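show me how the following folds:
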Amino acid sequence: MHRTFFTDHVSPLLRALFLFALIFLCASQAEARVYLDITSPNFRKVKVAVPYFTEKPQPDKAVDSGKRMADFMSRALAFHGFVEIIDPTTYNGSQDWDWPSLGTEFTVLGQFEHDPSGIAIEMRLVDIHGGRMILGRRYKGATSKTKDILKKFCDEVVQQLTGEPGISLSQIAFVSNGTGAKEIYLADVLGEEIRQVTQHEYLAVSPRISPDGKLLAYTSYHRGNANLYITELSTLRKTTPISRRKGLNMAPSWAPDSKVMAATLSKDNNPDLYIIDNSGNELRRLTSGEGINVSPSWAPDGKSMAFVSDRSGTPQVYVMDIKTKAVKRITFLGNENTTPNWSPKGDWIAYTGLINGARHVMMIKPEGGTPVQVTQSWGEHESPCWSPDGRQIVFSRKRNNKQEICAIFKSGAGLRTLFSLKGDQSSPQWGPRQEM
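Numbering: from 1, shown residues only. Okay, the predicted model is just below:
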């Protein structure tokens, strides 16, 4: 009846004005979801204040746990590269301040309370210029999950501001010899939780996290041969050998569906690329003896694969059409180009290139063309891998006989060391976004 009344009794002019207002409101709400074009070359960082979180029973008293939560949230937001955190000491960490006087554009306000079941945290993202809350959430969970809750809200803030979820809840797998032997480790991107995955006390290399985030594949030499294994990431307690063929069983690359992978096998003497399933069954051979073929990287659409071959005389990056096996060489600058990694958006392939005697992170379009040198600092930069949002690249950098895991934005800005650990770290692999 209401709809009939609108149609029959409201004048055409009023109906038009109402519909215009409705369309404008919907458009405004849609635009509010994406404030920032962080890919613009003229983009400047957004100023965000994260005051100390308050505890409900005593909201006017600063507590250490509230300071730690605010600091953690600040670091998680800053990690994404487009946020400039305003130093809380400039406003005494207070949630009540003259924010425009500091140039603040957004604030993240948090309040928490403890109960016998754990912790409840309420958080709000406030647009200072618009004078309104644009995101609000309340989470409950075990106290041990506090940092995961903060990461979850951080990623929602990033989505609210950019249109794409953040990557705070992703993990990075890498190799470290901190125990005296090369083992596989997993770390969150902020380095708060670092876990040793393998305990072989021998040589483990080439960690690869499946696109669904459930499995970790790697190669270990602890039985005297380069064998391929899979570990379930939910517990890190179940490890299964999937390929113990004679020779190399190396450097797998998961297909986008996480059900099969490409790996280098040398069971027939020459290192060639094969597709195997997660039980190790051989499904298809992709290369047949045309040089050494290694380092496969699956395109996100599952139709193509980048890999390295020395069939032209030097290691170069090639792209294969998986259906037809047609191959195209895409790197021509330099005599050594290795470790390709396809971006999650499919628009770039990162790789290691030997430039003027030093290894650097490079990018090139899948169809080839002029490569872009991402790293410029001195040292050896190797094994690049893209972040889940395609904006950052993780890699290993060796300087003064010390090898560390670093990250950089694809623009070449923001290079920093991610983890401070004993020994050398190498072969990083950035996993997908995880659920809390």
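
in the stretch 301-436 of the chain, which spans are strands?
Using DSSP state E, counting those that start in this stretch, the strands found in the stretch 301-436 of the chain span residues 304-309, 316-321, 327-329, 337-342, 349-355, 358-364, 372-373, 380-386, 392-399, 402-409, 416-417, 425-430.

closest to residue 179 out of those?
Nearest of these to residue 179, taken as CB to CB: strand 425-430 at 12.2 Å. C-beta here means a position set from N, CA and C on the backbone, and glycine is covered the same way.

contact partners of that closest one?
Contacts of strand 425-430 with the rest of the structure, by CB atoms under 8 Å, 6 or more residues apart in numbering, involve 170-176, 178, 185, 205-209, 382-383, 385-388, 394-396, 403-405, 419.

domain ranges for the protein, per the record?
2-29, 46-162, 171-430 (automatic domain parsing).

what mean pLDDT does the shortest one get?
Spelled out, that is domain 2-29. Per-region confidence: domain 2-29 scores 39 on mean pLDDT.

quick one on the thing from earlier: for residue 436, which of the domains of the chain is the nearest?
That would be domain 46-162 among these, by CB to CB, at 4.7 Å.

quick one: mean pLDDT for the closest one?
95.

that domain: end-to-end distance?
From its first residue to its last, domain 46-162 covers 11 Å (CA to CA, to the nearest Å).

again, but for stretch 306-323
14 Å.

hey, what's residue 404 bridged with?
residue 397 (DSSP bridges).

burial measure for it, as a count.
20 (other CB atoms under 10 Å).

residue 370 too?
Neighbour tally, residue 370, other CB under 10 Å: 8.

so the residue nearest to residue 212 when sequence neighbours are not counted is in which element?
With sequence-adjacent residues excluded and distances taken as CB to CB, 6 or more residues apart in numbering, residue 212 is closest to residue 258, at 4.3 Å. In the assignment (DSSP states H and E), residue 258 maps to no helix and no strand.

next up, the contacts around residue 258.
Per CB under 8 Å, 6+ apart, neighbours of residue 258: 210-212, 214-215.

quick one: it from residue 296, how far?
Distance of residue 258 to residue 296, computed by CB to CB, to the nearest Å: 15 Å.

any idea which helix or strand carries residue 242?
Counting by DSSP H and E, residue 242 is found in strand 239-243.

which residues are in contact with that strand?
198, 217, 227-232, 249, 263, 265, 276, 278-280.

make it 6 Å
227-231, 249, 280 (CB atoms under 6 Å, 6 or more residues apart in numbering).

same question, stretch 131-150
72-73, 118-127, 153, 160, 436.

ok, and for it, which residues are buried?
Using 16 or more other CB atoms under 10 Å as the test for burial, stretch 131-150 gives 134-135, 139, 141, 145-150.

which one of these is nearest residue 292?
Using CB to CB, the buried residues of stretch 131-150 come closest to residue 292 at residue 148, 42.6 Å.

give me the neighbour count for the closest residue to residue 266 other than its chain neighbours.
Leaving aside its sequence neighbours, residue 266 sits nearest to residue 247 (CB to CB, 6+ apart; 3.5 Å). Per other CB under 10 Å, the neighbour tally for residue 247 reads 15.

still on that earlier bit, look at the residue nearest to residue 212 and report its pLDDT.
97.

and residue 180, by the same measure?
94.

so it, which of the three states?
What DSSP: H, G, I helix; E, B strand; the rest coil gives for residue 180 is coil.

what's around it, how many residues?
9.

just checking, residue 308 touches residue 295?
Yes. Between residue 308 and residue 295 a contact is recorded at 4.4 Å, counting by CB atoms under 6 Å.

which neighbours do these two have in common?
With CB under 6 Å, 6+ apart as the test, residue 308 and residue 295 reach no residue in common.

residue 173: what's its closest spatial neighbour, skipping adjacent residues?
In space, residue 173 is closest to residue 207, 3.8 Å off (CB to CB, 6+ apart).

and residue 68, what element?
helix 64-78.

returning to what we had before: distance-wise, check the residue nearest to residue 212 relative to residue 209.
Residue 258 is 10 Å from residue 209, by CB to CB.

intersection of neighbour lists for those two?
With the criterion set as CB under 6 Å, 6+ apart, the contacts of residue 258 and residue 209 do not overlap.

all helices for the stretch 101-250 of the chain, in order.
146-162 (DSSP state H, counting those that start in this stretch).

okay, the residue nearest to residue 266: pLDDT?
pLDDT, residue 247: 93.

how far away is it from residue 310?
Taking CB to CB, one finds residue 247 at 17 Å from residue 310.

and residue 90, by the same measure?
Residue 90 is 57 Å from residue 310, by CB to CB.

which pair of the buried residues of stretch 131-150 spans the longest distance?
134 and 145 (24.9 Å).

just how off-centre is stretch 417-428 within its chain?
17 Å (CA atoms, centre = their mean, to the nearest Å).

output that stretch as PDB, nothing but the C-alphas.
The C-alpha coordinates for stretch 417-428 follow below in PDB (Å, rounded to 0.1, in the frame of the first residue of the first chain):
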ATOM      1  CA  THR A 417      63.900  -5.200   7.600                       C
ATOM      2  CA  LEU A 418      60.900  -7.200   8.900                       C
ATOM      3  CA  PHE A 419      62.400  -9.500  11.500                       C
ATOM      4  CA  SER A 420      65.400  -9.300  13.900                       C
ATOM      5  CA  LEU A 421      66.600 -12.900  14.300                       C
ATOM      6  CA  LYS A 422      69.700 -14.900  15.100                       C
ATOM      7  CA  GLY A 423      71.500 -16.300  12.000                       C
ATOM      8  CA  ASP A 424      70.600 -15.800   8.400                       C
ATOM      9  CA  GLN A 425      67.100 -15.700   6.800                       C
ATOM     10  CA  SER A 426      66.200 -16.400   3.200                       C
ATOM     11  CA  SER A 427      63.600 -17.600   0.700                       C
ATOM     12  CA  PRO A 428      60.600 -15.700   2.000                       C
END
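
if we can go back for a sec, neighbour count for residue 90 and residue 310, which is higher?
Taking other CB under 10 Å, residue 90 and residue 310 do not tie; residue 310 has more neighbours (15 against 11).
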